[in-house]
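> For reference, the sequence and a predicted model appear below.
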Amino acid sequence: MTSELRVLPPGALGPRFATFAEALQRPVVFFDIEATGTDPLSDRIVELSLVRVLPGGTVEEPRTWRVDPQMRIPIEAIEIHGITNEALAGAPSFAQIAEEVAALIEGADFAGFAVGRFDVRMLHAELVRAGHNLDLSNARVLDSQVIYHRREPRHLAAALQFYCGKELVNAHGAEADALASLHVFAGQLSRYDDLALAVEELHELSATLNDQYCDGARRFAWRDHEPVFNFGRLRGKSLRWVAGDPTERKYLRWFLDGNFEEDAKGIVREALHGRIRRRRAAEAVAQA
């Protein structure tokens, strides 16, 4: 997908960026990945884009590939990036572009937004699967998200200052924090005219980060609107498949006897009785 942003000379990105780029001893590769999911072992890349900043300050044009993951893309991933298997018809596999990608990143450092948590691991896993076992252990990672969160704190005291212009006294005392959270919420309602006033809508917004999980402890994640294991040796396996396998059903019975959370056990009990839980949001859309 073409971005409205474009490559600019280092000087046009500010004098401090120009100084940074001119002093580089090796390339820095800014990159981003779209994938079938978030597990580097079982998921695959569907889109990759690299922008190299070279020693001396040259910023190269982006190199972008759509990639056939050679597996079905789950609905949840499509809802995020909009890339379907049909859109990837005729696209190369990662193995077909791996040599070119490896040549562009070998000996470089990496940069991007939240790349240290996922993208670097996913890219390395794909290269290894394609037979390019590059040693990335010495590659340095510049993560804009980490810098953002360090310089723009996300704790309650920062929120109270941002929304209300007040200092939080006695932070981490329950009463002070409870009152601060009340003032922050009121400040958010004042600042954002389009923020919902109904509790149900605010709940849905607040739960967005947990929407990909089936239970509170994140033992199961949604994949194609059905639960898959998100832990242990069955991580990435469909609960429907596990419940249908005579040998693996023993694992589910062990799970029910184990020290696991009740909401997760409820999902397993239903599966053992032949009922695979469906994501309610998907049913709502289907009925709309």
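On my side now, so go ahead.
> C-alpha only now, for contacts and for neighbours.
OK.
> Tell me which residues are up against the helix or strand hosting S49.
Here S49, judged by DSSP states H and E, is contained in strand 45-53. Strand 45-53 is contacted by residues 21, 27-36, 59-69, 83, 94, 122-123, 126 when judged by C-alpha atoms under 8 Å, 6 or more residues apart in numbering.
> What ranges does this structure have for its strands?
28-35, 45-53, 63-66, 109-112, 141-143, 220-223, 226-229 (DSSP state E).
> I'd like the distance from the first one to the chain centre, please.
So that's strand 28-35. Strand 28-35 sits 13 Å away from the centroid of its parent chain (C-alpha atoms, centre = their mean, to the nearest Å).
> Show me what that strand is packed up against.
strand 45-53, strand 109-112 (3 or more C-alpha pairs under 8 Å, 6 or more residues apart in numbering; DSSP states H and E).
> Apply 10 Å and report the result again.
strand 45-53, strand 63-66, helix 75-81, helix 94-105, strand 109-112, helix 120-129, strand 141-143 (3 or more C-alpha pairs under 10 Å, 6 or more residues apart in numbering; DSSP states H and E).
> all helices of the chain, in order?
15-22, 75-81, 94-105, 120-129, 144-151, 156-164, 174-191, 199-206, 239-244, 249-257, 262-272, 280-287 (DSSP state H).
> between the fourth one and strand 28-35, how big is the angle?
With axes from the mean of the first three to the mean of the last three C-alpha atoms, to 10 degrees defining the directions, helix 120-129 sits at 80 degrees from strand 28-35.
> List the buried residues of helix 120-129.
Applying a neighbour-count criterion of 16 or more other C-alpha atoms under 10 Å, one finds 120, 122-127 buried in helix 120-129.
> same thing with the third one?
Taking 16+ other C-alpha under 10 Å as the neighbour-count basis, helix 94-105 is seen to contain the buried residues 94-95, 98, 101-102, 104-105.
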